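**Student:** Return atomic coordinates for the entry below.
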Amino acid sequence: PAATRRRVRRAIVSDSDKVHVMVRVRPAKPAELVQTGDGLKVDSASNTVEGMAFDKVFNPKTTATSDVFDALQPTVDAWLQGYNGCIFAYGQTGSGKTHTMLGPDGGKKDLDGVIPMTVRYALEHIAFEQEKAQR
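**Tutor:** Down below sits the predicted model:
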């Protein structure tokens, strides 16, 4: 839709040369809390982890990957408009990269990972554009 294109253009024009760093911290496991005390100090309201600022910090208690996808959607929209974009997960073993990107096996739709959500979104966009072209 035209509104999406305008939003994408605004995002591209204002953020064209930026790298956005978003952090998703999984909840601490009980054994980790015994070793470290309180765990990481994550503040999703101020987008900080242990006092370091990021473009976006997701609440560790949030289980829905759809929140992550919503934050990444401008990059996906730009990609669908023909611009380059990259989304990748980085972190230590066991930190939740695969869970975030792929989701749990046989997961519910709201628990799908970023990759299945992106593919579904892209296919819906293609179907919409094809239907619009046939009108």
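
**Student:** Neighbours of Leu40, how many?
**Tutor:** 14 (other Cβ atoms under 10 Å). (Each C-beta comes from the backbone N, C-alpha and C, glycine too.)

**Student:** Tell me how far it lies from Gly103.
**Tutor:** Distance of Leu40 to Gly103, given as Cβ to Cβ, to the nearest Å: 23 Å.

**Student:** Check Trp79 too.
**Tutor:** Distance from Trp79 to Gly103, by Cβ to Cβ: 20 Å.

**Student:** next one: stretch 59-75 to chain centre, how far?
**Tutor:** Centroid separation for stretch 59-75 versus its chain: 5 Å, with Cα atoms, centre = their mean, to the nearest Å.

**Student:** who are the neighbours in contact with the most centrally placed residue in the chain?
**Tutor:** Ranked by distance to the mean C-alpha position of the chain (Cα atoms, centre = their mean), the top residue is Val68 at 3.1 Å. By Cβ atoms under 8 Å, 6 or more residues apart in numbering, the contact set of Val68 is 22, 24, 58, 100, 114.

**Student:** same deal with Val21?
**Tutor:** 54-55.

**Student:** if we go to 10 Å?
**Tutor:** 47, 52-57, 90 (Cβ atoms under 10 Å, 6 or more residues apart in numbering).

**Student:** Which single one of those is nearest to Pro30?
**Tutor:** Val57 (22.8 Å; Cβ to Cβ).

**Student:** List the beta-bridge partners for that closest one.
**Tutor:** With DSSP bridges applied, Val57 shows beta-bridge pairing to Val23.

**Student:** quick one, helices of the protein?
**Tutor:** With DSSP state H, the ranges of helices along the chain come out as 2-15, 30-36, 66-80, 97-102, 114-134.
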